[in-house]
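1. Dropping a prediction and its sequence here:
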Number of protein chains: 2
Amino acid sequence: MPVPPSGPPLGLQLAETARTVSRAFDEALSTVGGSRPAWQILMALKNRPTANQRELATAVGIRGATLTHHLDAMESDGLLTRRRDPNNRRVHLVELTERGERSFHTMREAAVAFDQRLRRGLPPEEIERLSELLARLRDNVTDEEDGTDHSTNRH
Amino acid sequence: MPVPPSGPPLGLQLAETARTVSRAFDEALSTVGGSRPAWQILMALKNRPTANQRELATAVGIRGATLTHHLDAMESDGLLTRRRDPNNRRVHLVELTERGERSFHTMREAAVAFDQRLRRGLPPEEIERLSELLARLRDNVTDEEDGTDHSTNRH
DNA sequence: TATTGTTATACTCTATAACTATA
DNA sequence: TATAGTTATAGAGTATAACAATA
């Protein structure tokens, strides 16, 4: 079985980078009292105000029960409210509070600062290139049209 | 406060890519009965056979207690043995068993296959470039010589 | 019955603190 | 006392399964 001659497995480098960077990113957020899940949920809410939870969970990439878990914490922190949709009382509309707005902006600043740190020494073309490469990696790992059998229906 | 004009925060894209790719990588390993921590520990062991646990933990980037946790599982799976170092009986030497060797090779194949999937459509120069960019990102996030105050002595 | 969300429970990875055994 | 490792415990993030409320 021919093995690619290229150096250390890309997957490994990537996993390592992923871990290192994610850790630093999480830490940057927790410094301002945030967390990655909260940040992603807040962003999803900014994109679609008064979203229901199914939409949110999908946007954030987690399961409904996991979302509930985070929303409970964020609600008791006063970042958001949940209320029934009058049109369909099964649906809970999630909305940001004033405090949630402020928290979002604070986290956004932390994320931007983190970005600047991350970009140090990388000219814009490189950033652009990296951005494309990352998108490509996501696609490569998400798609399943490639002949080989990963019998993994995405969970 | 000037904010970089560039699109979606790089940190976010990266976190998202990291999560997606890490998840897929973890799944690729678990398909062959492995896991990321086990894989990293096995690799560290291949690099320095009969390492002690302090060295291993450092190589893998986790705490001693966390390593013990994983080693317990791997030992009861028969992948490795721990025995006292006769020269310094405080030290536990960790060594791969036959079965550990096999497991390593299986995981390595899974990692290589994952890599090929990850590389799809990326010519070697791009991979090389990506590899450098990733290293750069790790450095940017690991270093602390940049004026700003992250009072984070690396844990 | 189907859909939306919650509750109960558990798993994985990680960590800190207190402990044991050596030195 | 200092060092190597383990045990006890906890916390964050995630998941599945069973449930309640609504349609």
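-> Structure's in. What do you need? Numbers count the residues shown, from 1 in each chain, chains lettered A, B, ... in the order given.
2. At which residues are the strands of chain A located?
-> Secondary structure of chain A (DSSP state E): strands located at A:51-52, A:80-85, A:88-96.
3. State the pLDDT value of the nearest residue to residue A:56 once chain neighbours are set aside.
-> Excluding the flanking residues, the one nearest residue A:56 by Cβ to Cβ, 6 or more residues apart in numbering or on different chains is residue A:44, at 5.3 Å. Heads up, the C-betas are built off the backbone N, CA and C, glycines and all. Per-residue confidence for residue A:44 comes out at a pLDDT of 94.
4. The helix or strand of chain A with the lowest mean pLDDT to helix B:10-31, inter-axis angle?
-> Least confident element among the helices and strands of chain A, by mean pLDDT, DSSP states H and E: helix A:10-31 (a mean of 83). Using axes from the mean of the first three to the mean of the last three Cα atoms, to 10 degrees, the direction of helix A:10-31 lies 130 degrees away from that of helix B:10-31.
5. how distant is helix A:10-31 from the center of its chain?
-> Distance of helix A:10-31 from the chain centroid (Cα atoms, centre = their mean, to the nearest Å) equals 13 Å.
6. what does it rub up against?
-> By Cβ atoms under 8 Å, 6 or more residues apart in numbering or on different chains, the residues outside helix A:10-31 that reach it are A:35-36, A:38-39, A:107, A:110-111, A:113-114, A:118, A:137, B:11, B:14-15, B:17-19, B:21-22, B:25, B:28, B:36, B:43, B:61, B:111, B:114-115, B:118-119, B:127, B:130-131, B:134-135, B:137-138, B:141-142, B:152.
7. That one near DNA strand D at all?
-> Yes: judged by Cβ under 7 Å from any atom of the strand, helix A:10-31 comes into contact with DNA strand D at residue A:26.
8. count of residues packed around the one residue in chain A that gets nearest to chain B?
-> As assessed by Cβ to the nearest Cβ, chain B sits closest to residue A:18 within chain A, at 3.4 Å. The number of residues packed near residue A:18 is 24, by other Cβ atoms under 10 Å in any protein chain shown.
9. Need the nearest residue in space to the most centrally placed residue in chain A, chain neighbours excluded.
-> For chain A, the residue nearest the mean C-alpha position is residue A:40 (4.8 Å; Cα atoms, centre = their mean). Closest residue to residue A:40 apart from its sequence neighbours, by Cβ to Cβ, 6+ apart: residue A:60 at 4.8 Å.
10. looking at it, residue A:51 is touching residue A:60, isn't it?
-> No: here residue A:51 lies out of contact with residue A:60, judged by Cβ atoms under 8 Å, at a distance of 10.4 Å.
11. Around residue A:68, how many other residues sit close by?
-> The number of residues packed near residue A:68 is 14, by other Cβ under 10 Å.
12. Please give me every residue in contact with it.
-> By Cβ under 8 Å, 6+ apart, the contact set of residue A:68 is residue A:53.
13. just the helices in chain A please.
-> Shown for chain A, the helices assigned by DSSP state H span residues A:10-31, A:36-47, A:53-60, A:64-76, A:98-119, A:124-142.
14. and the angle for the fourth one with helix A:36-47?
-> Between the direction of helix A:64-76 and that of helix A:36-47, the angle (the same axes, to 10 degrees) works out to 80 degrees.
15. So is stretch A:51-71 next to DNA strand D?
-> Yes: Stretch A:51-71 reaches DNA strand D (Cβ under 7 Å from any atom of the strand) through A:62, A:63, A:64, A:65, A:66, A:69, A:70.
16. nope, stretch A:87-104 is what I meant
-> Yes: under the criterion of Cβ under 7 Å from any atom of the strand, stretch A:87-104 makes contact with DNA strand D via A:88, A:89, A:90.
17. of those residues, buried ones?
-> Using 16 or more other Cβ atoms under 10 Å in any protein chain shown as the burial test, the residues of stretch A:87-104 next to DNA strand D include no buried residue.
18. Closest one to DNA strand C out of those, please.
-> Using Cβ to the nearest atom of the strand, residue A:90 comes nearest to DNA strand C of the residues of stretch A:87-104 next to DNA strand D, at 3.8 Å.
19. isn't residue A:32 right up against residue A:105?
-> No: using Cβ under 8 Å, residue A:32 is not in contact with residue A:105, being 10.0 Å away.
20. Please say which of those two ends up with more neighbours.
-> Neighbour count, other Cβ under 10 Å: between residue A:32 and residue A:105, residue A:32 has more, with 15 against 11.
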